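*Asks:* Could you look at this predicted model? Sequence included:
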Amino acid sequence: LSSTYVVTSPTSSTTSVIHSIRKSHKIDWAAATGSFDAYQLYQKINDTNWTQVYEGLGLSATFTDLADGHYQYWVRACNTEGSNTSCSAYQASDRLTLSYIDTPTDLTVPSGDADGAYTISWQPGQGTATSYTLQEQLNGGAWTTVQDTVDTTYIASGKTNNQYSYQVRGCNLGGCTDYTTAQTVNVQIAGQPGPITGPDNLQEVDDFTLVWGTASGTVTRYELEEQPDGGNWSQIYSGTATTQSFTDHNFGTYHYRARACNDVGCGSYTADKSVSITFTVPPQEPPTPFDAIGNLSSLVSQAEVDATDTVGSVGGSFRVDESGAATYSVPIATVKGTAGVVPQISLNYSSQAGNGLMGKGWSIGGLSAVTRCRQTLSQDKSAKAITWSANDRFCLDGQRLLKVTGASYGAVGATYKSEIDSFAKVTSVGGSADHPDYFTVERKDGSVSTYGGSGNVDAEQEARNADDSVTTKTLTWALDIFEDSVGNKIDFDYADNTDGHRISKVQYAYGVGGSAGAYLEFLYEARDDDISGYVAGYE
């Protein structure tokens, strides 16, 4: 601001900028002529009142640490003689709009790249920028602007084997900040390998080889990844070869992809290659039929045949099952239970059954158990004996249990379903991995069955050593308690000693009390024929 003489009117005012991004600015004016004592400078911020901010003989005033807003200034020259002070008229400056911004931070650029495509990002500095100017420099040459928008990211593509440097600044109406420190990415292209070739489908063969084409550009290694159906991708090979062989794969469908890599990164993946492995179990040969028994008259006399007409009948049922066995079932009569909840116990015969607890071909029906069972070729692609470990599987009444949830097969708290889905939820409870305390089975009618129990309970059949001493390894978790949807229960009690694990009593009809109102008791006689079987490869 300047004036031609003190007592009349200063000339027009000046400021350094109309818009500014700085927190400080300087107001200056030209010297006045004539006689005067001081200059008086007034400031107005936004719509507030005018306030005197300077008085003296200087020709400028500097203001720092200012907030964003609109600033305007008046100046005048004044002269005092005695008690009288006279001043020139005020002259107003241009209006200064201050909108502070600081240099962007955290400019992020990859140190290396192998496919010519990468992302650059940064964080806004303090204040409000209306745009960001991103510049690129190729191999130390001139800077060129590649983006000038409000975005704080930039996606580079189509880059070749060179060094690319980047710097960014923020701008608004008041101007632009300084550029950030430049960051550099070293691009060494590793091309995409050729398509993966290999078998599409394998049957009863688990050995195969995959081959992929070499990639162009700078390549120091190849990476091969595998994904089972429904699983995650995982790296299974890293090296300079363009082929990989596989053995001992479980049946199922597998996906494969490959990419080329170098010291700065990896290129793009190939298209997925799928390989399906299936196994067919050959049908079992039918059993050799028994020789014809000849003339029945030589075995049964006519008098014995006639005598059969005078005896009573047993309420049994006969059928030929799906495997061709002749079967006969005799239900055991029971008294009524609470709300109709009674055990369904029967004596069952099968012409294909061996020598069991009830004699040749005979067994007790209506019982249930979860048993430790071995891996099989058709289900696991491996025929393994029981090992009392994570390699074992569980079966419910002969049906393989398939894991639904849980960290691993046999884990505490894992849930299962039967191989032929009966819509029952089977849960392993307590104990440790591969050795549950017991199982619960929740069926769709709301009933809950407990197999085995916590601690040493008679519903569990423990493995025995050669000297008949009991081990801590459970072979069978027999049905211990059945409860319908409202809690009416049936208790199953067992005997477990050197004579074998067997049912001893079934109690039911509890009503509203704590004691059973009815029970079935099983009494056994000694037999002189030994019964043996094989578990874990031992008799």
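*Replies:* Sure, I can see it.
*Asks:* isn't residue 155 right next to residue 121, touching?
*Replies:* No - in this structure, residue 155 is not within contact of residue 121 by C-beta atoms under 8 Å, at 9.8 Å. Using the backbone N, CA and C atoms, a C-beta is placed for each residue, glycine as well.
*Asks:* neighbour-wise, which of these two wins?
*Replies:* Using other C-beta atoms under 10 Å, the more surrounded residue of residue 155 and residue 121 is residue 121, with 15 against 11.
*Asks:* Give the next helix or strand downstream of the helix or strand hosting the more buried one.
*Replies:* Using DSSP states H and E, the element containing residue 121 is strand 118-123. Following strand 118-123 in sequence order, the next helix or strand is strand 131-138 (DSSP H and E).
*Asks:* For that next one, which strands pair with it and how are they oriented?
*Replies:* Counting by DSSP bridges, the strands paired with strand 131-138 are strand 143-149 (antiparallel), strand 163-172 (antiparallel).
*Asks:* For residue 130, give me its contacts.
*Replies:* With contact set as C-beta atoms under 8 Å, 6 or more residues apart in numbering, residue 130 has these partners: 150, 171, 172, 173.
*Asks:* could you dump these to JSON lines with distance to residue 485?
*Replies:* As requested, the contacts of residue 130 are arranged in JSON lines below (distance: C-beta to C-beta, whole Å):
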{"residue": "150", "distance to residue 485": "63"}
{"residue": "171", "distance to residue 485": "72"}
{"residue": "172", "distance to residue 485": "71"}
{"residue": "173", "distance to residue 485": "74"}
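*Asks:* so the strand holding residue 121 versus strand 131-138, what angle?
*Replies:* Strand 118-123 runs at 140 degrees relative to strand 131-138, counting by axes from the mean of the first three to the mean of the last three C-alpha atoms, to 10 degrees.
*Asks:* Tell me the bridge partners for the closest residue to residue 135 other than its chain neighbours.
*Replies:* In space, residue 135 comes closest to residue 143 once its chain neighbours are excluded; the distance is 4.4 Å by C-beta to C-beta, 6 or more residues apart in numbering. In this structure, residue 143 has the following beta-bridge partners (DSSP bridges): residue 137.
*Asks:* oh, and call the first residue 57 from now on, that's how I've got it
*Replies:* Yep, numbering from 57; the last one is residue 199 now.
*Asks:* Residue 199 is in contact with residue 220, isn't it?
*Replies:* No - in this structure residue 199 lies outside contact range of residue 220 using C-beta under 8 Å: 11.4 Å.
*Asks:* shared neighbours, these two?
*Replies:* By C-beta under 8 Å, 6+ apart, residue 199 and residue 220 have these common neighbours: 192, 193.
*Asks:* Next, count neighbours for the residue nearest to residue 324 when sequence neighbours are not counted.
*Replies:* The spatially closest residue to residue 324, leaving aside those adjacent along the chain, is residue 248, at 4.9 Å (C-beta to C-beta, 6+ apart). By other C-beta under 10 Å, 19 other residues sit near residue 248.
*Asks:* One more: residue 471?
*Replies:* 15.
*Asks:* And for residue 472?
*Replies:* 25.
*Asks:* For it, list the residues it contacts.
*Replies:* Contacts for residue 472 (C-beta under 8 Å, 6+ apart) come out as 450, 457, 458, 459, 460, 481, 482, 483, 484.
*Asks:* Quick one: buried ones out of these?
*Replies:* Among the contacts of residue 472, those classed as buried by 16 or more other C-beta atoms under 10 Å are 450, 457, 459, 481, 482, 483, 484.
*Asks:* center of the chain, which residue is that?
*Replies:* residue 288 (8.7 Å; C-alpha atoms, centre = their mean).
*Asks:* and that residue, which of the three is it?
*Replies:* Using DSSP: H, G, I helix; E, B strand; the rest coil as the criterion, the local structure at residue 288 reads coil.
*Asks:* now residue 235: how far from residue 285?
*Replies:* Applying C-beta to C-beta, to the nearest Å, the value for residue 235 to residue 285 is 51 Å.
*Asks:* oh sorry, the question was meant for residue 253
*Replies:* Looking at residue 253 against residue 285, where the rule is C-beta to C-beta, the gap reads 21 Å.
*Asks:* what does residue 152 give?
*Replies:* Between residue 152 and residue 285 the distance is 68 Å, computed by C-beta to C-beta.
*Asks:* Show me which of these two is the more surrounded one.
*Replies:* When residue 152 and residue 285 are compared on other C-beta under 10 Å, the one with more neighbours turns out to be residue 152, at 21 against 10.
*Asks:* secondary structure class for the residue lying closest to that one once chain neighbours are set aside?
*Replies:* Once flanking residues are discounted, residue 152 sits nearest to residue 127: 4.4 Å by C-beta to C-beta, 6+ apart. Taken by three-state DSSP, the conformation at residue 127 corresponds to strand.
*Asks:* Who are the contact partners of residue 127?
*Replies:* Contacts here follow C-beta under 8 Å, 6+ apart; on that basis residue 127 touches 81, 99, 100, 101, 151, 152, 153, 154.
*Asks:* distance of it from residue 444?
*Replies:* Residue 127 sits 85 Å away from residue 444, going by C-beta to C-beta.
*Asks:* Check residue 99 too.
*Replies:* Applying C-beta to C-beta to residue 99 and residue 444 gives a distance of 90 Å.
*Asks:* One more: residue 462?
*Replies:* Residue 462 sits 19 Å away from residue 444 when distances are taken as C-beta to C-beta.
*Asks:* swap in residue 541?
*Replies:* Relative to residue 444, residue 541 is positioned 36 Å away (C-beta to C-beta).
*Asks:* Throw together a PyMOL command that grabs the buried residues out of the contacts of residue 127.
*Replies:* Of the contacts of residue 127, the buried ones go into a single PyMOL selection, burial set by 16+ other C-beta under 10 Å:
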select buried, resi 81+99+100+152+153+154
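*Asks:* How many residues are close by the residue nearest to residue 486 when sequence neighbours are not counted?
*Replies:* The spatial neighbour of residue 486 that comes closest, neighbours along the chain excluded (C-beta to C-beta, 6+ apart), is residue 493 at 3.3 Å. Neighbour count of residue 493, defined by other C-beta under 10 Å: 18.
*Asks:* who's in contact with residue 493?
*Replies:* 485, 486, 487, 508, 509, 510, 511.
*Asks:* most surrounded residue in those?
*Replies:* Neighbour counts for those were taken using other C-beta under 10 Å; the highest belongs to residue 508, which has 27 neighbours.
*Asks:* Which strand residues bridge that residue?
*Replies:* Following DSSP bridges, residue 508 is listed with bridge partners residue 494.
*Asks:* biggest helix in the protein, by residue count?
*Replies:* helix 358-363 (DSSP state H).
*Asks:* which element follows that one toward the C-terminus?
*Replies:* Assigned by DSSP H and E, the successor of helix 358-363 is strand 373-376.
*Asks:* neighbouring contacts of the very next helix or strand once past that next one?
*Replies:* Reading on from strand 373-376 to the C-terminus, the next helix or strand found by DSSP H and E is strand 382-387. By C-beta under 8 Å, 6+ apart, the residues outside strand 382-387 that reach it are 370-377, 400-407, 421.
*Asks:* Neighbouring strands of strand 382-387 in the sheet, and parallel or not?
*Replies:* Sheet pairing here is set by DSSP bridges, and for strand 382-387 it gives strand 373-376 (antiparallel), strand 402-406 (antiparallel).
*Asks:* Indicate which one of these is closest to residue 107.
*Replies:* Set against residue 107 and scored by C-beta to C-beta, the strands paired with strand 382-387 come closest in strand 402-406, at 105.6 Å.
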